[in-house]
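Student: Here is a sequence together with a model predicted from it:
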Amino acid sequence: MLASALKLHLNHQRGAALIVSMVMLLVITVIGIAVMGGSRLELLMANNSQFQSDAFRNSEIAMQAGIASIPAPLPTAATPIDTLPPGKIATNPADWTSFTSTPAALPAGATGTGNYVVEYLGCSEYKYTPPTVTHKQNSCLDDPLSYVFEFTYRVWSLGTDANGATRILQEVRTITKNTTGDTTLWPETMVLDTRVEIP
């Protein structure tokens, strides 16, 4: 009787192990696919970060080339450097095809491009007659022997990597030219006014 009851019990258990095995296999497969999807996403994010870093590096190199292109010795009002056409802005990478930009030399092994434009923003002059300072904006070289001049430039740079990632930087630089002969009050310098990364 016990043998027949055991046999009957085993007959009802046929296939249970197969069903349990299949459910466990399904669960393990779903977990494996989820892990692989997460790893793929992390790889894509890491690659994108590398592309953005390359584009930023190229834009930084182009920015330094643009700053170096501002004339030395210091400029005169008659010969401003201005390579960005009037009415153009350089905040959108697509707009860079509508004007001529200057390519920067990238280091060996670098991928992508770096370009810059220099925009002349104007000149201010200061006359120092102790104890007062007279200021004239957008007026230069009225009296070149007794004024201090400040020439303002905006430099734009566009860096791209080989995969199309882009970064735009903008710097405003002011150059001081002192024609008074006394450089203690206003030394001749080039200073950084602002620096912005365009999103």
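Tutor: Received, thanks.
Student: And the strands in the chain?
Tutor: 102-103, 113-129, 132-137, 148-160, 166-178, 190-198 (DSSP state E).
Student: Need the ones you listed in CSV (columns: mean pLDDT).
Tutor: Below are the strands of the chain laid out as CSV (pLDDT from 0 to 100):
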stretch, mean pLDDT
strand 102-103, 88
strand 113-129, 81
strand 132-137, 68
strand 148-160, 86
strand 166-178, 87
strand 190-198, 82
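Student: got a markdown table for the ones you listed, with distance to residue 96 too?
Tutor: Bear in mind the C-beta positions are built from the backbone N, C-alpha and C, glycine included. As requested, the strands of the chain are exported to a markdown table (distance: least, Cβ to Cβ, whole Å):
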| stretch | distance to residue 96 |
| --- | --- |
| strand 102-103 | 11 |
| strand 113-129 | 7 |
| strand 132-137 | 30 |
| strand 148-160 | 5 |
| strand 166-178 | 9 |
| strand 190-198 | 12 |
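Student: buried set for stretch 113-123?
Tutor: Of all the residues in stretch 113-123, those buried under the rule 16 or more other Cβ atoms under 10 Å are 113-120, 123.
Student: hang on, the earlier thing: and the strands of the chain: which comes nearest residue 31?
Tutor: For the strands of the chain, the distance to residue 31 is smallest for strand 166-178, at 38.5 Å, taking Cβ to Cβ.
Student: give the contact list for residue 165.
Tutor: 48, 51-52, 54-55, 112 (Cβ atoms under 8 Å, 6 or more residues apart in numbering).
Student: which of those residues has the most neighbours?
Tutor: Ranked by the number of neighbours (other Cβ atoms under 10 Å), these place residue 55 first, at 26 neighbours.
Student: just checking, that one touches residue 168?
Tutor: No: taking contacts as Cβ atoms under 8 Å, residue 55 lies outside contact range of residue 168: 9.4 Å.
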